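Student: Coordinates for the following, if possible.
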Amino acid sequence: MTDLPIDILPEVAAALDRRGPVVALETTVIAHGLPYPVNRDTALALEAAIRAAGAVPATLGVIAGRIKIGLGADQIEHFATKGAACRKLSRRDLPIVLAESGDGATTVAGTMILAALAGIPIMATGGIGGVHRGAESTMDVSADLTELARSDVAVVCAGAKSILDLEKTLEYLETQGVPVIGYGTDRLPAFYVPATRYKLEARVDNPAAAARMIRAKRQLGLNGGLIFANPIPAEFALDPDLAERAIQAALAEAVAHGVAGKEVTPFLLTRMERLTEGRSLQANAALIRNNARVAAEIAVAYARRR
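Tutor: Numbers count the residues shown, from 1 in each chain. Here you go, the predicted structure:
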């Protein structure tokens, strides 16, 4: 790691040195997922929620070809204002943006890679990517799923994004050997919706139990991460029928506009905001904050066990 162009925020470095609780955060949600200034305010709120729970936040990204493990407020502002001009960073993109001295915002996959590189065992996000609807013809499957089978990082999320094919996403994760564990739930949450019809194989109800899961996986020497599927707080959840109607309408618009590949998810999320009259945006910000808090609580419990 010493040969890499990498900068670790002093607060994060100190926590890692003492094996204290650290939670990694992505930057795609800042640059691509939310509009300005909601993106900046949400990013700062996530860090505040993690600190309030007793852990240290480490928002990850690449600026001018240098890996940033932890961002200052000015750097968060940089990602928030530059927005979509920042390259989305998954596994295939990291060497390119470093070689070109560019700016990049980490996806779930990119965040997992950099978190594992820095020795951060837990990250928080909104919802993971997955198998897209119609993937049998488009082959559109998020790199998040394969990264979950590679990088040893636990991901706290509100399940998979509602716009995805949830059944195929769960099947893919099972094939890759990635545990999907309900956090206070027996059923898979789907981003805006707290529960779906898909029953999960395992459940934990508190941070200590989640920490034991992470520790057991590491003791076995199994590669890859695991998912803690944490439902959106009920007061911010969307009506399932409303959410599905909006998704269907947004998908139809994407097809009509010829949107494909990595542009599909941001396009759909933007259309969802319009179709739900802003309720999806409020739900998005709320569930990410909730996931950050839970991830911090798990990180504190895991640090105690270490």
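Student: quick one: low-confidence parts of the chain?
Tutor: Scanning the chain for pLDDT under 70 picks out the ranges 1-2, 262.
Student: Residue 70 contacts residue 58, doesn't it?
Tutor: Yes: Residue 70 lies in contact with residue 58 (CB atoms under 8 Å); the separation is 4.5 Å. All C-beta spots, glycine's among them, are computed from the backbone N, C-alpha and C.
Student: so what's in contact with these two at the same time?
Tutor: 9, 12 (CB atoms under 8 Å, 6 or more residues apart in numbering).
Student: which residues in the stretch 1-150 of the chain form strands?
Tutor: 6-8, 22-25, 56-63, 66-69, 87-89, 104-106, 122-124 (DSSP state E, counting those that start in this stretch).
Student: Any idea which residue is closest to the centre of this protein?
Tutor: With distances taken as CA atoms, centre = their mean, the residue of the chain nearest its centroid is residue 125 (2.7 Å).
Student: That one touches residue 109, doesn't it?
Tutor: No: counting by CB under 8 Å, residue 125 stays clear of residue 109, with 10.5 Å between them.
Student: returning to what we had before: relative to residue 269, which of the strands of the stretch 1-150 of the chain is closest?
Tutor: Closest to residue 269 of the strands of the stretch 1-150 of the chain is strand 87-89 (CB to CB; 13.3 Å).
Student: Listing partners with orientation, what would you give for that closest one?
Tutor: strand 104-106 (parallel) (DSSP bridges).
Student: How far away from the center of its chain is the strand it pairs with?
Tutor: 12 Å (CA atoms, centre = their mean, to the nearest Å).
Student: same thing with stretch 105-121?
Tutor: For stretch 105-121, the distance to the chain centre is 10 Å (CA atoms, centre = their mean).
Student: Start the count at 546 instead of 1 going forward.
Tutor: Sure thing, new numbering starts at 546, so read that last one as stretch 650-666.
Student: Alpha carbons of that stretch, in CSV - could you do that?
Tutor: Provided in CSV are the C-alpha atoms of stretch 650-666 (Å, rounded to 0.1, in the frame of the first residue of the first chain):
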residue,chain,number,x,y,z
ALA,A,650,-16.6,8.7,-6.9
THR,A,651,-16.7,5.2,-5.5
THR,A,652,-19.6,2.8,-6.1
VAL,A,653,-20.4,0.1,-3.5
ALA,A,654,-17.8,-2.1,-5.3
GLY,A,655,-15.2,0.6,-5.5
THR,A,656,-15.8,1.5,-1.8
MET,A,657,-15.4,-2.2,-0.8
ILE,A,658,-12.0,-2.4,-2.7
LEU,A,659,-10.6,0.8,-1.0
ALA,A,660,-12.0,-0.1,2.4
ALA,A,661,-10.4,-3.5,2.3
LEU,A,662,-7.1,-1.9,1.1
ALA,A,663,-7.2,0.4,4.2
GLY,A,664,-8.3,-2.3,6.6
ILE,A,665,-11.8,-1.0,7.2
PRO,A,666,-14.2,-4.0,7.7
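Student: Please spell out which residues along that stretch are buried.
Tutor: By neighbour count on 16 or more other CB atoms under 10 Å, the buried set for stretch 650-666 is 650-663, 665-666.
Student: hmm, back to that, what's near enough to touch the residue nearest to the centre of the chain?
Tutor: 570, 571, 574, 653, 656, 700, 701, 702, 833, 836.
Student: so is the residue located most distally from the centre of the chain in a helix, a strand, or just coil?
Tutor: Of all residues in the chain, residue 801 has its C-alpha farthest from the mean position, at 28.3 Å, by CA atoms, centre = their mean. The three-state label given to residue 801 by DSSP: H, G, I helix; E, B strand; the rest coil is helix.
Student: what does residue 840 give?
Tutor: For residue 840, the secondary structure call by three-state DSSP comes out as helix.
Student: For stretch 567-583, buried residues please.
Tutor: Those would be 567-579, 583, for stretch 567-583 by 16+ other CB under 10 Å.
Student: Residue 802 touches residue 809, doesn't it?
Tutor: No: Residue 802 lies out of contact with residue 809 (CB under 8 Å); the separation is 10.4 Å.
Student: the more surrounded of those two?
Tutor: Set residue 802 next to residue 809 and count neighbours by other CB atoms under 10 Å: residue 809 wins out with 19 against 11.
Student: Look up the closest residue to the more buried one, ignoring the ones flanking it.
Tutor: Counting by CB to CB, 6 or more residues apart in numbering, residue 809 lies nearest to residue 799, which is 6.0 Å off, once chain neighbours are set aside.
Student: What's the local residue count around that neighbour?
Tutor: Neighbours of residue 799 (other CB under 10 Å): 18.
Student: No further queries at this time; thank you.
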